[in-house]
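Participant: sequence-free structure coming up:
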């Protein structure tokens with residue numbers, strides 16, 4: 001069942017041309033995120049994302065439940081072959097849901113609506 005509060009917040013997010021050589025990496029850190037395509041969390045993959053340093057404290061905090069944005073570092077469909085993730089590519093800014101002691105996830109509602117495909 002969709003989380004009504006999330007549905008009020010989800011939207012199309014921009015894709016960026018991320019050039020690590022021109023970025024100040026002292027402001028960012030990497031972290032893993034799970035992307036699932038079903039409520040049972042049986043179909044999906046783990047992806048690498050770039051987080052702002054101010055958000056990494058939430059990534060590390062095993063009691064935090066909240067939201068932020070991150071930059072996807074890899075292209076999902078190419079790696080996993082999961083059709084529902086087609087065209088979700090590196091550089092896409094994605095919403096992140098922190099899940100306390102568990103690895104953060106992309107809200108399923110955002111994935112179901114395929115906001116990255118909307119022009």
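Facilitator: Received the coordinates, thanks. In this text the structure is predicted, and so the values were computed from the model without any measurement. Numbers count the residues shown, from 1 in each chain.
Participant: how about the strands in the chain?
Facilitator: Secondary structure of the chain by DSSP state E: the strands cover 28-36, 44-52, 67-72, 93-99, 102-105.
Participant: Can you list the strands that the third one pairs with?
Facilitator: Okay, so that is strand 67-72. Next to strand 67-72 in the sheet, as set by DSSP bridges, lie strand 44-52 (antiparallel), strand 93-99 (antiparallel).
Participant: So for residue 109, which of those strands sits nearest?
Facilitator: strand 93-99 (9.2 Å; Cβ to Cβ). Every residue, glycine included, has its C-beta placed from N, CA and C.
Participant: Surely residue 91 and residue 72 touch.
Facilitator: Yes. In this structure residue 91 lies within contact range of residue 72 using Cβ atoms under 8 Å: 6.8 Å.
Participant: Can you lay out the strands paired with strand 67-72 as a markdown table showing mean neighbour count, mean pLDDT and distance to residue 87?
Facilitator: As requested, the strands paired with strand 67-72 are exported to a markdown table (neighbours: other Cβ atoms under 10 Å; pLDDT from 0 to 100; distance: least, Cβ to Cβ, whole Å):
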| stretch | mean neighbour count | mean pLDDT | distance to residue 87 |
| --- | --- | --- | --- |
| strand 44-52 | 19 | 92 | 14 |
| strand 93-99 | 19 | 94 | 13 |
